[in-house]
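>>> Sequence and predicted structure below; questions after.
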Amino acid sequence: MKTKRDKDEDIFANYSLCDTIYTRAKVDSSEGKVCLWVGANTMVEYTYEEAIDLLQSQLEQSHAKLQEIDEDLLHIRGNSITVEVNMARLFNHSVKIKKAAELAAGK
């Protein structure tokens, strides 16, 4: 939006009127401000520079969080494999115990 405003080009945006209906509108960029949804049904008006800074910092935070989640998933995957191996060992051990009990009862 900032680049198009600097070049005096028209800005068009698609937006949702409801869940299934979208329309196109010409955006007035003469004021140099943009409104962003910040969560909890709240919209805040920012200048282009402030909005770019905010979105850039959120993007960096999202990438960092994604990396952290990937590491957590690798850890969980390793632990789940260990749990599955231990479950198989316990099952095999219980089968051995049952067979030994059946042999002892049959004697």
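Right, received. Where do you want to start?
>>> tell me the phi and psi of the spatially most central residue of the chain?
Among the residues of the chain, the one closest to the centroid is Leu66, at 7.1 Å (Cα atoms, centre = their mean). Taking degrees, to the nearest 10, you get phi -60, psi -40 for the backbone angles of Leu66.
>>> which residues sit against the worst-scoring helix or strand of the chain on mean pLDDT?
The weakest-scoring helix or strand in the chain, judged by mean pLDDT, DSSP states H and E, is helix 2-6 (a mean of 82). The list of residues contacting helix 2-6 from outside it, by Cβ atoms under 8 Å, 6 or more residues apart in numbering, reads Asp10, Ile11, Ser29, Ser30, Gly32, Tyr48, Glu49, Ile52. Glycine gets a C-beta too; all of them are placed from N, C-alpha and C.
>>> ok, how many other residues are close to the residue nearest to Ser30 when sequence neighbours are not counted?
Once flanking residues are discounted, Ser30 sits nearest to Arg5: 7.8 Å by Cβ to Cβ, 6 or more residues apart in numbering. Neighbour count for Arg5, taken as other Cβ atoms under 10 Å: 16.
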